[in-house]
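turn this into a model:
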Amino acid sequence: MRLNSTLAQGRYHYSCDGREMPVQDSWQLGDDEQGRRSLVSRRLVGDKGFGIEVFAFLEQGLVSECVVHWRDEVDNVSAHYKLLPKGGMKPAIGDDIQASWTGPNGPQQLSLEGEERLLFPLMRVFMGPVLSRLVQYEGGWKLSHQILSTHLSEVSCFPQGSATALQGQWLGM
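Presented below is the predicted three-dimensional model:
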């Protein structure tokens, strides 16, 4: 998957005690070959290319579909997440999410009910648009991120006056 045009791009720099860390974290916003608004984000650590790459399609201010590639010392994992809009509608918060991935346990699939869920690749560049969408909902929403089939990370967002309160937890499945 490639971008045909670039609208914006950037890089995050990581440091510890004044020393730059061996992390390459870059992102690029543009349109793909079919004219879909897309965001590519990569975070690689060290010189062996370990890390994560996300290619996401954006629609209506939401991530409507994304492909995630993860590589570390143990394995390579590829996952595909997609919102399933109801009845030919545009993607919306609360749509069901279809997930499929390959990893140490072979190919797997999962369907998540969309109620109170939002598709969100767990990378820094996606945080701003996610929070700006969530504060529009008085009842709040939950962000869920499933890593393979073993753990679910969940963050809840509830507007409180002019600020947004966040709370997170790690849930074993």
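
and the closest residue to residue 90 other than its chain neighbours, how many neighbours?
Using C-beta to C-beta, 6 or more residues apart in numbering and skipping residues adjacent in sequence, the residue nearest residue 90 is residue 60, 5.2 Å away. To be clear about C-beta, it is placed using only N, CA and C from the backbone, and glycine gets the same treatment. Other residues within reach of residue 60, judged by other C-beta atoms under 10 Å, total 13.

what residues does residue 60 make contact with?
Counting by C-beta atoms under 8 Å, 6 or more residues apart in numbering, residue 60 makes contact with 90-92.

out of these, who's the most crowded?
Ranked by neighbours (other C-beta under 10 Å), these are led by residue 91, which has 22 neighbours.

ok, back up a step: give me the lowest-pLDDT entry from the contacts of residue 60.
Lowest in pLDDT among those is residue 92, which has 82.

which residues does that residue contact?
Taking C-beta under 8 Å, 6+ apart as the criterion, residue 92 is in contact with 60, 62, 83, 85.

just confirm the third one is within a helix.
By that I understand residue 83. No: applying DSSP: H, G, I helix; E, B strand; the rest coil, one finds residue 83 to be strand, outside a helix.

that one and residue 62, how far apart?
7 Å (C-beta to C-beta, to the nearest Å).

do the same with the last one
Using C-beta to C-beta, one obtains 10 Å as the distance from residue 85 to residue 62.

who touches both of those two?
Shared contacts of residue 85 and residue 62 (C-beta under 8 Å, 6+ apart): 91-92.

of the two, which one has the most company?
residue 62 (21 against 16).

apart from its neighbours in sequence, what residue is nearest the more buried one?
residue 91 (5.4 Å).

tell me the contacts of that neighbour?
59-60, 62, 64, 83, 85 are the contacts of residue 91 under C-beta under 8 Å, 6+ apart.

rerun that using 10 Å as the cut-off
By C-beta atoms under 10 Å, 6 or more residues apart in numbering, residue 91 lies in contact with 57-65, 82-85, 114, 119.

and for residue 82?
With contact set as C-beta under 10 Å, 6+ apart, residue 82 has these partners: 57, 63-67, 91, 95-100, 119.

dump these to TSV, plus secondary structure and distance to residue 45.
Putting these into TSV (DSSP: H, G, I helix; E, B strand; the rest coil; distance: C-beta to C-beta, whole Å) gives the following:
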residue	secondary structure	distance to residue 45
57	strand	26
63	strand	23
64	strand	28
65	strand	26
66	strand	20
67	strand	20
91	coil	32
95	coil	33
96	strand	33
97	strand	28
98	strand	29
99	strand	25
100	strand	26
119	coil	25
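
now the buried members of the residues you listed.
Neighbour-count burial (16 or more other C-beta atoms under 10 Å) applied to those gives 57, 63-67, 91, 95, 97-99, 119.
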